[in-house]
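Asks: Curious how this folds, go ahead:
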Amino acid sequence: MITVSLCMIVKDEEDVIARCLDSVADLADELIVVDTGSTDRTVEIVGRYTDRKYTFAWTDDFAAARNYAFEQAAMDYILWLDADDVLTEINREKLRALKQTLTDEVDSVTMLYELAEDDCGNVTFQLRRNRLVKRSRGFRWIGAVHEYLEVGGTIASSDIAVKHMGKPGKRDSERNIRIYERRLAEGETLSPRDLYYYANELCDHGLHKKAITYYERFLNEGGGWIEDNISACGRLADCHHVLGDMKSELEASLRSLQFDAPRAEFCCRIGYHFLSTSRYGEAVFWYALATERKLPEGHLGFDNPACATWLPHLQLCVCYDKLGQHALAILHNDLALQYRPTDAVMLANRDYFARRLSLSTPDDAAGRGA
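Replies: Residues are numbered from 1 along each chain as shown. Just a heads-up that it's a prediction; the model follows:
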């Protein structure tokens, strides 16, 4: 059985650190927690779980802090988490089993990272991260902000999911954008990855016109990871949508087709363009395509599973209703309900179609194929 070092960097996490460690402490063979300047009870709480507490002077560089944490590890593999992450019980058992079965040939294990879910418990935003890595390979973190772990060799994909829970209260939402703008002010040339994430920060702060400039620069200069290229097209479309530029919004969505076959997300985006302009037949084509698109196993980019499940079915219900094809509208509303059985809109749709059927004549029903 392999041994595991859990490595974390923390700062002012007193509200969430115990929740995280409670979910994973008994599965790790050592707990290494590096504090980067807490002013609350974080270090005290960590002390209840481990004496492997370290201090690292913050330098506006997440990779440097994470690499320092990794350097303290002594076990076969290193698992990393953030303080507002947790492992649910089913994923705890999967990790326990993985420790029993993982062979030395594997250099890294990817796990799902669930970042958001809807009110029915469906994951709405997720990606994969290299989460468990062989210590002897000396893999390093890269990037001051939105850092990533550079790995190589034999990589295994697992079905273990880490759940991002977030933490209550106000976070320093300006921190990342400050770091980027300081680097720019010092004359630093941003890498393609940094251009992409700086544009994301601008978009998230409502600076949509400036974000468009940096997304365009990122895409036009080339050199970005294909998944970042595709994601940038979506974020660019979002910026144009906020600014009310439907033509540019559609063009940004179509731009994603330069990089890969149509993804479900972009099928829904293009479908929405046609739906919002009352071109229901064209919308049906794109929404139907969205229901057929599946990401390959082990996909590492961002993913919104709703775009391949309930969302296109709900929109197909709307389109078919507008086209007068009510049997198909009912079918797709029912398919959407399989994913969100308590959804108020879908339940209202069901009542709406039931009323239509009760008011229709036998000839009308026959004409619909009902």
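
Asks: where does the stretch 251-370 of the chain dip in pLDDT?
Replies: Residues of the stretch 251-370 of the chain that meet the criterion pLDDT under 70 lie in 360-370.

Asks: what about the helices in it?
Replies: In the stretch 251-370 of the chain, the segments counted as helices under DSSP state H, counting those that start in this stretch are 264-276, 280-292, 310-322, 326-339, 344-359, 362-368.

Asks: tell me the centre residue of this protein?
Replies: Closest residue to the average C-alpha location of the chain: residue 126 at 3.2 Å, with C-alpha atoms, centre = their mean.

Asks: Would you mind measuring from that residue to residue 107?
Replies: In this view, residue 126 and residue 107 are 23 Å apart by C-beta to C-beta, to the nearest Å. For glycine as for every other residue, the C-beta is placed from the backbone atoms N, C-alpha and C.

Asks: ok, the residue nearest to the centre of the chain touching residue 110?
Replies: No. Residue 126 lies out of contact with residue 110 (C-beta atoms under 8 Å); the separation is 11.9 Å.

Asks: which residues do these two both contact?
Replies: Among the neighbours of residue 126, none is also in contact with residue 110 (C-beta atoms under 8 Å, 6 or more residues apart in numbering).

Asks: In the stretch 51-200 of the chain, where is pLDDT below threshold?
Replies: For the stretch 51-200 of the chain, the stretches with pLDDT under 70 are 168-172.

Asks: returning to what we had before: contacts for the helix or strand containing the residue nearest to the centre of the chain next, please.
Replies: Using DSSP states H and E, residue 126 sits within strand 123-134. For strand 123-134, contacts defined as C-beta under 8 Å, 6+ apart pick out 4, 76-80, 98, 104, 106-118, 139, 149, 151, 153, 155, 157, 160-162, 298-306.

Asks: repeat that for 6 Å
Replies: For strand 123-134, the external contacting residues (C-beta atoms under 6 Å, 6 or more residues apart in numbering) are 77-79, 107-118, 139, 149, 151, 300, 302-306.

Asks: what's the spacing between the residue nearest to the centre of the chain and residue 112?
Replies: Distance from residue 126 to residue 112, counting by C-beta to C-beta: 6 Å.

Asks: Repeat that for residue 286.
Replies: Distance of residue 286 to residue 112, computed by C-beta to C-beta: 27 Å.

Asks: For the two, indicate the residue with more neighbours.
Replies: residue 286 (24 against 20; other C-beta atoms under 10 Å).

Asks: need the contact list for the nearest residue to that one once chain neighbours are set aside.
Replies: Excluding the flanking residues, the one nearest residue 286 by C-beta to C-beta, 6 or more residues apart in numbering is residue 271, at 3.6 Å. Listed by C-beta under 6 Å, 6+ apart, the contact partners of residue 271 are 283, 286-287.

Asks: Now do stretch 198-213: distance to the chain's middle.
Replies: Distance, stretch centre to chain centre, for stretch 198-213: 18 Å (C-alpha atoms, centre = their mean, to the nearest Å).

Asks: how close does the residue nearest to residue 286 sit to residue 325?
Replies: The gap separating residue 271 from residue 325 is 16 Å, by C-beta to C-beta.

Asks: got it, and residue 80?
Replies: 51 Å.

Asks: Name the residue in the two with the higher neighbour count.
Replies: Neighbour comparison, residue 80 and residue 325: the larger count goes to residue 80, with 23 against 17 (by other C-beta under 10 Å).

Asks: quick one on the thing from earlier: can you turn the buried subset of the contacts of strand 123-134 into a selection I can paste into PyMOL?
Replies: A single PyMOL command is used to select the members of those judged buried by 16 or more other C-beta atoms under 10 Å:
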select buried, resi 77+78+79+107+108+109+110+111+112+113+114+115+139+149+151+300+302+303+304+305+306
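
Asks: about what we covered before: what bridges to the residue nearest to the centre of the chain?
Replies: Beta-bridge partners of residue 126, counted by DSSP bridges, are residue 114, residue 303.

Asks: Which stretches in the stretch 51-200 of the chain count as helices?
Replies: 62-71, 89-101, 175-185, 192-204.

Asks: May I see the buried residues of the second one?
Replies: Yep, that's helix 89-101 we're talking about. For helix 89-101, a neighbour-count test (16+ other C-beta under 10 Å) marks 91-92, 94-95, 98-99 as buried.

Asks: go on, the last one?
Replies: Judged by neighbour count using 16+ other C-beta under 10 Å, the buried positions of helix 192-204 are 192-203.

Asks: mind exporting it as CSV, just the C-alpha atoms?
Replies: C-alpha atoms of helix 192-204 as CSV (Å, rounded to 0.1, in the frame of the first residue of the first chain):
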residue,chain,number,x,y,z
PRO,A,192,0.0,33.2,-22.6
ARG,A,193,-1.4,31.5,-19.5
ASP,A,194,-1.1,34.7,-17.5
LEU,A,195,-2.8,36.7,-20.3
TYR,A,196,-5.7,34.3,-20.1
TYR,A,197,-6.1,34.4,-16.4
TYR,A,198,-5.6,38.2,-16.2
ALA,A,199,-8.5,38.5,-18.7
ASN,A,200,-10.6,36.3,-16.5
GLU,A,201,-9.9,38.5,-13.5
LEU,A,202,-10.9,41.6,-15.5
CYS,A,203,-14.1,39.9,-16.6
ASP,A,204,-14.9,38.8,-13.1
